[in-house]
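K.L.:
Sequence first, then the predicted structure:
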Amino acid sequence: MKVTELIKQSEGRRLEFKAKLPAVSDIAKTIVAFANDAGGELFIGIRDEPRELVGIKEDSLIRLEEQISNIIHEHCYPVIIPDISVHTIEGAYLIRVQVYRGSNLPYFLKEKGKTKGTYIRVGSTNRLADSEIIAELERQKRNISFDSEPVHEIVLKDLNIEPFKLFYKEKAGDELNSGSLKKLDLIREYHGNWLAVNALVLFSDSPVREQIFPYAKIECARFKGTTSHEFIDKKTITGNISVQPEIAYEFILRHINKGAAVKGVYTESRWEYPVIAIREVIRNAVVHRDYSLVGKDIKVAVYDDMVEITSPGKLMPSIDFSQMEARQSDIRNRIIAPVFKKLGIIDQWGNGLKLISDEMKAYPEIEFRWQETGLQFQVQFVRREIQQQQELQQNLDVLWQQVSTKLGLSWHQVGTKLAPSWHQVEKLLDFCSGPRYMKEIMSELGWKDRTKFRKKYINPLLETGIIYMTDPEDVKNPKQQYYISEKGKLLLIGIQTNI
C-alpha cells in the first residue's frame, strides 16, 4: 500500500502514528511488538488524534534516523533490522519505520529480559506478554503447534476416544487404530512410550479432557433485544471438539428465521442470515482458535440485530480479512486442522474466506464485520435495517436535545408568540422541503415580526444544522432562501413519528 493511502488508515495491529519521536522505551516496545506479531509500520511526523500531518524539520531527519536505528539496536533483542525511510507528503517530511515479523521469536527489551520485556501487539496498543504467550512464541520459533505437544499426565489406554473413533469411521470412512493415530500425529513416542498429544485429548470424551481443557467449549446464548442483559435461551457445548461446530450451528438455526424469497417465477425458502457463511465461521473458530490461552472459550451470541461469534486467539499473522476474495491459509493447529479436513468439516485450505465472501454477496441486507478484541477474534453478521434504525434513534435523541435546548421546546407545549412548539417546527420543516423565502415561511406559520421570527426559529435551526441557507456566504442577501438539511429530514421523520 502506498504511503499516501497508509497514513489515512486507522491505527491498529500493523500501524502506529507519532507526532514526534516517542520515549526510548515506547519506541522499543512498539518495534518488539511488531516483530513478535505480524510486522508493522511506525510513522513519525503524524499526529493520530486528531489526525494531522505535522511533519519533521528537514535538518532533523538524519539525526532522527540515526537515533531510531540506535534505539532499536541497543534496546531490542534478538537483533531486529528495520527499514527506515523518509517520505514527503504535502510538503511535510515523515519518517517511516517498517518492521517485519521476526523468525527468532520472542523479541524483547534487553534491559527487561524475556520474562518482563516481551511485548505483543493487541489492536493499536503494545501489551506485555504473559508466560503463555511467550511459550506460544517459542513454539512458533521451533515451528511446532500447541496441539502437537504430548500430554505426559495421561496414560494413552485410559483415554476414551471410542465416540471419536465411531465419528471418524462414519465421516472419513477409515478405522482409527494405532497406525492411523500415528499417521495423523495424534500420538507421539516419548522414551519408549506412546503419549497422546493435546489434539487427541481435545478429540476425546474422557473426564480428563475437561480437567486439562475446561475452557475448550462453546457458550451459546440467545439474548433478548440487542444487548446481553437478558437471556432467552443458552447452551454450553462441552463435547469433544469434532462435534462442537454442528451443535453450535444448530443452536443458531433454532433462533433465526426462515422465510420465502421470490427468485424468478419461483418462491424459495431463505434464511434471514447467510447460514453457510455462519457455519464456516463457527467451524473456523473451533479449528483455528488458540487452545493455549487458559480460561477463554468460544462464544456464539444471537441478538435481534445480529449473530456474533467470538474465538480465542488473534488472527494468524498472514491472514487479512479485508482480502477475503484471495485464498488465504495459515494454520495454527497443525494436528487438528488435517483431522477436520478428513472429517469433511473444513474444505480445501484457503477456501473458507472465499466461501464466506461469496455467500455475503447474496445477502446485501447483512453487513459482515470483523475485529480483534484483545486476544480474541470476533465476527458479526449484522442486519443493516435494525442497525440503521438504532443509529437513527440515537441520532434523533441527540437532535431532540439540541433543538429542544435551542428553541426551548417540550412535547406538551402549545405554540405561542413567546414559545414555539414541535408542531410548528414540523410545519416549518415540511414547508421548507424546497428553498423558501423568509416571508413565505413567516406567512405559513402566521408570523409578522421578522426580527423575532428569525431569533426564535431561523437562527436556532441554522445553528443546529436543521436548515440551510441557499447563500451562506452572504447572510443579508435579499434573495436568501432556506431549505431543510439531511439532518432536518431525519428530525422531521422523528417529529412525525412521535406526533
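P.N.:
All right, it came through fine.
K.L.:
low-confidence ranges in the stretch 151-300 of the chain?
P.N.:
Applying pLDDT under 70 to the stretch 151-300 of the chain flags residues 260-267.
K.L.:
Can you tell me the centre-most residue of this protein?
P.N.:
What sits nearest the mean C-alpha location of the chain, by C-alpha atoms, centre = their mean, is Q371, with 1.4 Å.
K.L.:
Please measure how far the first residue of stretch 455-469 sits from its last one.
P.N.:
15 Å (C-alpha to C-alpha, to the nearest Å).
K.L.:
Kindly report the same for stretch 235-243.
P.N.:
First-to-last residue span, stretch 235-243, C-alpha to C-alpha: 14 Å.
K.L.:
now do stretch 112-129
P.N.:
Calculated as C-alpha to C-alpha, the first-to-last residue distance of stretch 112-129 is 12 Å.
K.L.:
same deal with stretch 183-197?
P.N.:
Note: stretch 183-197 ends 13 Å apart using C-alpha to C-alpha.
K.L.:
what do you get for stretch 223-241?
P.N.:
By C-alpha to C-alpha, the extent of stretch 223-241 from end to end equals 25 Å.
K.L.:
buried stuff in that stretch?
P.N.:
By neighbour count on 16 or more other C-beta atoms under 10 Å, the buried set for stretch 223-241 is 223, 235, 237-238, 240-241. C-beta coordinates here come from the backbone N, C-alpha and C atoms, glycine included.
K.L.:
same question, stretch 17-37
P.N.:
Applying 16+ other C-beta under 10 Å to stretch 17-37 flags 17-19, 21-22, 27-37 as buried.
K.L.:
Ok, stretch 475-488 next?
P.N.:
By neighbour count on 16+ other C-beta under 10 Å, the buried set for stretch 475-488 is 481-482, 484-485, 487-488.
K.L.:
quick revisit: which ones among the buried residues of stretch 17-37 are found in helices?
P.N.:
Counted as lying in helices by DSSP state H, out of those, are 27-36.
K.L.:
May I see the buried residues of stretch 223-241 organised as JSON lines, with secondary structure and distance to I466 added?
P.N.:
Converted to JSON lines, these look like this (DSSP: H, G, I helix; E, B strand; the rest coil; distance: C-beta to C-beta, whole Å):
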{"residue": "F223", "secondary structure": "strand", "distance to I466": "36"}
{"residue": "K235", "secondary structure": "strand", "distance to I466": "48"}
{"residue": "I237", "secondary structure": "strand", "distance to I466": "51"}
{"residue": "T238", "secondary structure": "coil", "distance to I466": "55"}
{"residue": "N240", "secondary structure": "coil", "distance to I466": "60"}
{"residue": "I241", "secondary structure": "coil", "distance to I466": "56"}
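K.L.:
In the residues you listed, find the pair that's most separated.
P.N.:
Using C-beta to C-beta, the pair of those lying farthest apart is F223 and N240, separated by 27.4 Å.
K.L.:
Tell me what V86 is bridged to.
P.N.:
Beta bridges link V86 to I95, judged by DSSP bridges.
K.L.:
Map the structural domains onto the sequence of this structure.
P.N.:
3-129, 146-212, 218-387, 408-498 (automatic domain parsing).
K.L.:
export those to a markdown table and tack on distance to D397?
P.N.:
Shown next, in a markdown table, are the domains of the chain (distance: least, C-beta to C-beta, whole Å):
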| stretch | distance to D397 |
| --- | --- |
| domain 3-129 | 25 |
| domain 146-212 | 47 |
| domain 218-387 | 15 |
| domain 408-498 | 9 |
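K.L.:
Among those, which comes closest to E138?
P.N.:
Once these are compared by C-beta to C-beta, domain 3-129 is nearest, at 6.5 Å.
K.L.:
Quick check: mean pLDDT of that closest one?
P.N.:
Mean pLDDT, domain 3-129: 95.
K.L.:
From the chain's centroid, how far away is it?
P.N.:
Centre-to-centre, domain 3-129 and its host chain are 23 Å apart (C-alpha atoms, centre = their mean, to the nearest Å).
K.L.:
quick one: contacts for A172?
P.N.:
342-344 (C-beta atoms under 8 Å, 6 or more residues apart in numbering).
K.L.:
By neighbours, which of those residues wins?
P.N.:
L343 (17 neighbours; other C-beta atoms under 10 Å).
K.L.:
Give me the neighbour count for the closest residue to that residue other than its chain neighbours.
P.N.:
With sequence-adjacent residues excluded and distances taken as C-beta to C-beta, 6 or more residues apart in numbering, L343 is closest to K171, at 4.4 Å. The tally of other residues near K171 (other C-beta under 10 Å) stands at 14.
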